[in-house]
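Engineer: What shape does this take:
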Amino acid sequence: MAPGSASRPESWHAALHRLQREGLPHALATQVTSAGSTPREPGARMVITADAVFDTLGGGTFEYQVIEAARRRLSGRDGEVIAGMSLEAFSLGGRSGQCCGGFVNVLLEVFPGSMTTLAIFGAGHVGTELVRLAAPLPWQVRWHDSREAIFPDWAASQPRLECRHAPDPAAAVSELPPGTHALVLTHDHAEDRALVDALLRRSKACASIGLIGSRSKWASFRSRLVVAGHSDAALDQVRCPIGMAAGGTGRDKTPYAIALASIAELLPMMEGAKRTDQRGLAPAEVRALFREPSM
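Structural biologist: Reported below is the predicted structural model:
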């Protein structure tokens, strides 16, 4: 059922739109061929998640097998979704044991959802521009600030964005999922330093750490963090100033320019290594669709 709906089940296209918007893992199953007697026609679709199904390809054992095939891909290897396309062939009288006896090919498209989390600490001018710029990107964004009632009203409607009141830096960092990319840009230098300290102590869980500020600010922070027990190798992982990978912002110090350069710096770090083969179906699989099946 659609969230908040008490009337009709959510259609496949409504579920697909919602899951894409929210960045959640899901599979789209499309019947692409039909030979003989089959429960549904080519073009019938259903959406499958780990715990829900939206719409139908006709029910019965055949549909159950489609759901199981999709969920095997969603559970993946070591819990990581196997994204991409695959073609599943069903002899309804053979593989599926149904009396209608037709033959169906189903295209499974598995979407991994948002595989990257960006944690932004600070809801000031640069933090606000970062959140706006991240909106079209396929990232889950956690926006933290220690001040109460600081987040703008529009943030509640931005997809994949979670606003968190975070008065305790160590507690906020402890709740980040593994592989998080963190940007620290609060209103207070002491809070910035406490956050960097906490992030370094979770360095194995943090994919990257960026800190807003000048080189002199980082020199001051670095000396204190060495006293706190962090090694030079660990401190070398912190980017400060942020947004310098592509040459910085020139002389533009506006919040938008700093945020834009910071997002550009993050892009190569994010999902590149996790992307699966994007070439789609093998040519032989496509050609097989146009041959008469042997039932």
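Engineer: For the rest of this, base every contact and every neighbour count on C-alpha atoms.
Structural biologist: Fine.
Engineer: how much space between E22 and S114?
Structural biologist: Applying Cα to Cα, to the nearest Å, the value for E22 to S114 is 8 Å.
Engineer: Can you show me the helices along the stretch 51-200 of the chain?
Structural biologist: For the stretch 51-200 of the chain, the helices defined by DSSP state H, counting those that start in this stretch occupy 60-75, 125-134, 169-174, 189-201.
Engineer: And the residue nearest the centre of the chain?
Structural biologist: The residue lying closest to the centre of the chain (Cα atoms, centre = their mean) is S114, at 0.7 Å.
Engineer: Quick check: closest non-adjacent residue to that residue.
Structural biologist: The shortest distance from S114 to any non-neighbouring residue, by Cα to Cα, 6 or more residues apart in numbering, is to G23 (4.7 Å).
Engineer: What count of nearby residues applies to the one you found?
Structural biologist: 21 (other Cα atoms under 10 Å).
Engineer: Which residues does stretch 72-79 contact?
Structural biologist: By Cα atoms under 8 Å, 6 or more residues apart in numbering, the residues outside stretch 72-79 that reach it are P25, H26, A27, T49, A50, E80, V81, I82, A83, V110, P112.
Engineer: doesn't E68 make contact with the fifth one?
Structural biologist: This points to A50. No. Assessed by Cα atoms under 8 Å, A50 is found out of contact with E68, at 9.7 Å.
Engineer: For the closest residue to M270 other than its chain neighbours, list each beta-bridge partner.
Structural biologist: Nearest residue to M270 in three dimensions, chain neighbours excluded: T116, at 6.5 Å (Cα to Cα, 6+ apart). Here T116 sits in beta bridges with W139, going by DSSP bridges.
Engineer: what's the burial count for T116?
Structural biologist: 22.
Engineer: what's the answer for A15, then?
Structural biologist: By other Cα under 10 Å, the residues close to A15 number 23.
Engineer: how about low-confidence regions in the chain?
Structural biologist: Along the chain, the parts satisfying pLDDT under 70 run over 1-6, 93-101, 271-281, 283, 285-295.
Engineer: what are the ranges of the strands in it?
Structural biologist: All strands of the chain, identified by DSSP state E, fall at 26-35, 45-48, 53-54, 84-91, 103-111, 116-121, 139-145, 161-165, 180-184, 206-211, 238-239.
Engineer: Only the C-alpha atoms, please, for the second one, written as CSV.
Structural biologist: Which is strand 45-48. C-alpha atoms of strand 45-48 as CSV (Å, rounded to 0.1, in the frame of the first residue of the first chain):
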residue,chain,number,x,y,z
ARG,A,45,5.1,-4.6,-15.0
MET,A,46,5.6,-4.9,-11.3
VAL,A,47,8.0,-3.3,-8.8
ILE,A,48,9.7,-5.4,-6.1
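Engineer: Relative to A245, which of the strands of the chain is closest?
Structural biologist: Closest approach to A245 among those (Cα to Cα): strand 238-239, 9.4 Å.
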